[in-house]
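Chemist: Sequence isn't available, so here's the structure alone:
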Ligand SMILES: CC[C@@H](C(=O)O)C(=O)SCCNC(=O)CCNC(=O)[C@H](O)C(C)(C)COP(=O)(O)OP(=O)(O)OC[C@H]1O[C@@H](n2cnc3c(N)ncnc32)[C@H](O)[C@@H]1OP(=O)(O)O
């Protein structure tokens, strides 16, 4: 699959100082034409299943909010929403000032996975695999964005919705929420990359239990096994109360405060440490270090001569 223009730009700009990072970005597309994957063909097929939207709000603060918006279907992913998601990820890849991202569902629930009406219509193996490859590409690129992302789980995250939570760096669960990999109940396993990412988050033993038992993960269990990074109380719906989203932004701000290039560099070095072989990860770290050493934030910190406690 030809790299989109923005990733070509990123590769060009980053390859000059960060060849390994460029290779990691290039890996952003798990599937390409060499895997008989035709992005245009599957996009067209998915567009045939309309409904809902994926809304993106980019804020001055450098924190964006991505909303899975199909309340009448408990925020299930229609085909056109899968295409929307890929387009929003492309927009985020070209957002130079990005620092953080909160992924949420509309109307008090997260996401109930694929739209079962669409699933029934593309239930043949070929189309199902193409949908999986499309979503694996999109969610891998989401996880590899040079920003710090949080899935804000309110209500239920089921099936592909549970997989979407694993494509974020962190998961915040609202009181009473549930993350459930229901795939086994449907005679399936995750297909959007959720199993591969879940093993890396909670370990293979816990992943086997969550998938094998289609266990309901509530906030307490989520914290216990490391799937949840925090629990947020659902605020009373009274005038002026701090909203759940504001609480999530406050939580995220502890990791995204500071200059955008530095926050982006933090994610890049962690990402390469997690995904690249050690020598390549070290070279990437050196290259990324070179992009911030002597940069505005570094020079300002040195000039301030404040003693950091
Ligand atoms: C790779 C993974 C991917 C795949 O294999 O393709 C999947 O994700 S498969 C889908 C996995 N998800 C599910 O199986 C969840 C199905 N939904 C439910 O279990 C329930 O709807 C709920 C989410 C637990 C909510 O239950 P409840 O509060 O009782 O509400 P309703 O069931 O009445 O739902 C309201 C409304 O929403 C429609 N809905 C809900 N989920 C989906 C969905 N995934 N696809 C399509 N439509 C969905 C539901 O049909 C209701 O609509 P109406 O009947 O028209 O009111």
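Modeler: Received the coordinates, thanks. Fair warning: this is a prediction, and the values are worked out from it, not measured in the lab.

Chemist: for the ligand, what are the nearby residues on this structure?
Modeler: Residues of the chain lying close to the ligand (CB under 6 Å from any ligand atom) are 73-74, 76, 112-117, 119, 156, 158-160, 182, 186, 188, 190-192. Yep, even glycine has a C-beta here, placed from its N, CA and C like the rest.

Chemist: The same query, at a cut-off of 5 Å, please.
Modeler: Residues of the chain that fall close to the ligand, judged by CB under 5 Å from any ligand atom: 73-74, 76, 112-116, 119, 158-160, 182, 188, 191.

Chemist: Pull the number of nearby residues for residue 123.
Modeler: 9 (other CB atoms under 10 Å).

Chemist: Which residues lie in contact with residue 295 in this structure?
Modeler: If a contact means CB atoms under 8 Å, 6 or more residues apart in numbering, then residue 295 has 259, 261, 262 as its contacts.

Chemist: how far away is the first one from the ligand?
Modeler: The gap separating residue 259 from the ligand is 38 Å, by CB to the nearest ligand atom, to the nearest Å.

Chemist: Now do the same contact list for the closest residue to that residue other than its chain neighbours.
Modeler: Nearest in space to residue 259, with sequence neighbours left out and distances taken as CB to CB, 6 or more residues apart in numbering, is residue 297 at 4.0 Å. With contact taken as CB under 8 Å, 6+ apart, residue 297 is in contact with 258, 259, 261, 262.

Chemist: Helices - which of these land there?
Modeler: 261, 262 (DSSP state H).

Chemist: Quickly check the contacts of residue 297 for the two that are furthest apart.
Modeler: Within the contacts of residue 297, 258 and 261 form the most distant pair, 9.2 Å apart (CB to CB).

Chemist: Looking at the two, which is more packed in?
Modeler: For residue 258 versus residue 261, the count of surrounding residues by other CB under 10 Å is larger for residue 261: 19 against 13.

Chemist: Wait, the more buried one touches residue 293, no?
Modeler: No - contact criterion CB atoms under 8 Å: residue 261 and residue 293 do not qualify, at 11.3 Å.

Chemist: returning to that earlier point: and the gap between the residue nearest to residue 259 and the ligand?
Modeler: Taking CB to the nearest ligand atom as the measure, residue 297 falls 41 Å from the ligand.

Chemist: what's the offset of the helix or strand hosting that residue from the middle of its chain?
Modeler: Here residue 297, judged by DSSP states H and E, is contained in helix 296-304. A distance of 31 Å separates the centroid of the chain from that of helix 296-304, by CA atoms, centre = their mean, to the nearest Å.

Chemist: tell me which element residue 281 is part of?
Modeler: helix 278-292.

Chemist: Quick one: mean pLDDT for that helix?
Modeler: In this model, helix 278-292 has an average pLDDT of 97.

Chemist: That helix packs against which elements?
Modeler: In terms of contacts (3 or more CB pairs under 8 Å, 6 or more residues apart in numbering; DSSP states H and E), helix 278-292 is packed against helix 5-17, helix 19-26, helix 260-275.

Chemist: In three-state terms, how would the residue lying closest to residue 104 once chain neighbours are set aside be classified?
Modeler: Using CB to CB, 6+ apart and skipping residues adjacent in sequence, the residue nearest residue 104 is residue 152, 4.4 Å away. Secondary structure, DSSP: H, G, I helix; E, B strand; the rest coil: residue 152 is strand.
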